[in-house]
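A.B. asks: model this:
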Amino acid sequence: MGVDPGLTRCGLSLVEGGSGRQVTALDVDVVRTPADMPLAERLVRIADAAEYWMDTHAPTAVAIERVFAQHNVRTAMGTAQAGGVIALAAARRGIAVSFHTPSEVKSAVTGNGTADKQQVTAMVTRILALQQKPSPADAADALALAICHCWRAPMLARMAQAEAKAAEMRRIHRARLKAAR
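C.D. replies: Numbers count the residues shown, from 1 in each chain. Okay, the predicted model is just below:
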């Protein structure tokens, strides 16, 4: 499940990863909340929609865009809060949560970490062999997050295994050195 968090528009998507880089779109939607609605109510509406998706689709992982930096602090806070309630909902269900920066997503999908929204949308449309471009951009971004996670997750898991193995080897080596003294 890919999530492009936001208070006004929160993109939700579900893709299925196949062998290699094969990815199939299963569902996509955008949750909208009015700007004049109290913050807590907006977060509840976003959480309710995300929880419904998680309960209905039972994803194995949720990939959320990491708030990296935005000029508007208020927008960044709202984005982080929306992402936070979704991460909490997933964690409560035992669903793995990963965060990806916008540049990681753009790089994975387009090969360019500074790609614009049109390039991301065009590549998402092409990768998923969609008949039409996902709209609004929040829907395309949510799909891009899910694609990015499908492609990056196996590599990240292998890296974590290698780091754990290296830590274990370090522990064994230190124990042997200590015993030899």
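A.B. asks: Show me the beta-bridge partners of the most centrally placed residue in the chain.
C.D. replies: Within the chain, the residue whose C-alpha comes closest to the C-alpha centroid is Ala63; the distance, by Cα atoms, centre = their mean, is 2.1 Å. Using DSSP bridges, the bridge partners assigned to Ala63 are Gly2, Ser98.
A.B. asks: pLDDT score for it?
C.D. replies: In this prediction, Ala63 carries a pLDDT score of 97.
A.B. asks: same question, Leu177
C.D. replies: 89.
A.B. asks: give me the element it is part of.
C.D. replies: Leu177 is part of helix 137-180 when elements are defined by DSSP states H and E.
A.B. asks: do the same with Leu7
C.D. replies: Here Leu7 is assigned to no helix or strand, by DSSP H and E.
A.B. asks: Was I right to think it contacts Thr33?
C.D. replies: Yes. Applying Cβ atoms under 8 Å as the test, Leu7 and Thr33 come out as touching, 6.0 Å apart. Using the backbone N, CA and C atoms, a C-beta is placed for each residue, glycine as well.
A.B. asks: Find the residues that touch each one of these two.
C.D. replies: When contacts are counted by Cβ atoms under 8 Å, 6 or more residues apart in numbering, Leu7 and Thr33 have Arg42, Ile46 as shared neighbours.
A.B. asks: packing partners for the helix holding Leu177?
C.D. replies: Applying 3 or more Cβ pairs under 8 Å, 6 or more residues apart in numbering; DSSP states H and E, we find helix 137-180 packed against strand 2-4, strand 9-17, strand 23-32, strand 61-65, strand 96-100, helix 102-110, helix 117-127.
A.B. asks: Point out where the protein drops to low pLDDT.
C.D. replies: Counting by pLDDT under 70, the chain contains low-confidence ranges at 68-70.
A.B. asks: Let's verify Val67: helix, strand, or coil?
C.D. replies: Using DSSP: H, G, I helix; E, B strand; the rest coil, the secondary structure recorded for Val67 is coil.
A.B. asks: any idea of the angle the helix or strand harbouring Arg74 forms with strand 96-100?
C.D. replies: The secondary structure element spanning Arg74 is helix 73-92 (assigned by DSSP H and E). Relative orientation of helix 73-92 with respect to strand 96-100: 150 degrees, computed using axes from the mean of the first three to the mean of the last three Cα atoms, to 10 degrees.
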